[in-house]
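> predicted coordinates and the sequence they were generated for:
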Amino acid sequence: MLQVANCLFVNGSKAFLLNKFRRGWWVAPGGKVEHNETVAEACQREFLEETGLILTDPKLSSIFTVVVKKDDQVIDQWMFYNFFATKATGIELDENAEGKLRWQEVSDLFSLPMAEGDKVILEHALKGKGLMVGMVTYTEEYQLLDIRYAYH
């Protein structure tokens with residue numbers, strides 16, 4: 001199963017997000033966990049590679065299994081480790097191979113085009129109340145079928 005670590009980085013009233021070329025959706029920057037690295041190390045490495053910024057305070061906010069189904073068959077599945085940070089150093093990039101990076105007002109986040117499950121994950125990261133663990137199920141066109149979660 002593919003594992004992904006990403007981070008919602010917020011500075012004041014703005015969040016630094018990636019607008020992916022492929023779907024046009026806004027996401028928290030991140031990527032695949034490599035062999036022999038922890039999810040926290042992957043979060044740091046991927047965020048730096050994608051944004052040019054070194055996170056100094058990432059905290060794990062949620063863990064989600066993401067399932068993609070065609071009819072009743074699972075056709076893809078990932079584990080997402082979602083972090084939240086408010087401090088970073090470095091020089092931010094404007095764009096990477098996957099999309100354009102932009103500061104977005106936190107108050108506007110949920111009106112941006114993004115996966116429905118991401119809205120729940122980002123909202124929790126902003127509230128910062130414990131660890132959220134859950135599962136999101138989508139169709140192969142990424143229409144939300146189900147989301148369930150609990151706080152730990």
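It's in.

> what comes up buried for the host helix or strand of residue 84?
Counting by DSSP states H and E, the element that carries residue 84 is strand 73-85. By 16 or more other CB atoms under 10 Å, the buried positions in strand 73-85 come out as 80-85. In this view, the C-beta of every residue, glycine as well, is placed from N, C-alpha and C.

> what are the pairing partners of it, and which direction each?
Its sheet considered, strand 73-85 pairs with strand 2-11 (parallel), strand 59-70 (antiparallel) by DSSP bridges.

> please identify the deepest-packed of these.
Highest mean neighbour count of the strands paired with strand 73-85: strand 2-11, a mean of 21 (counted as mean count of other CB atoms under 10 Å).

> strand partners of the next helix or strand after it, parallel vs antiparallel please.
Counting by DSSP H and E, the element after strand 2-11 in chain order, helix or strand, is strand 14-20. In the sheet, strand 14-20 lines up against strand 2-11 (antiparallel), strand 26-27 (antiparallel), strand 99-105 (antiparallel) (DSSP bridges).

> which of the three states applies to residue 49?
helix (DSSP: H, G, I helix; E, B strand; the rest coil).

> and it, what is it in contact with?
31, 96 (CB atoms under 8 Å, 6 or more residues apart in numbering).
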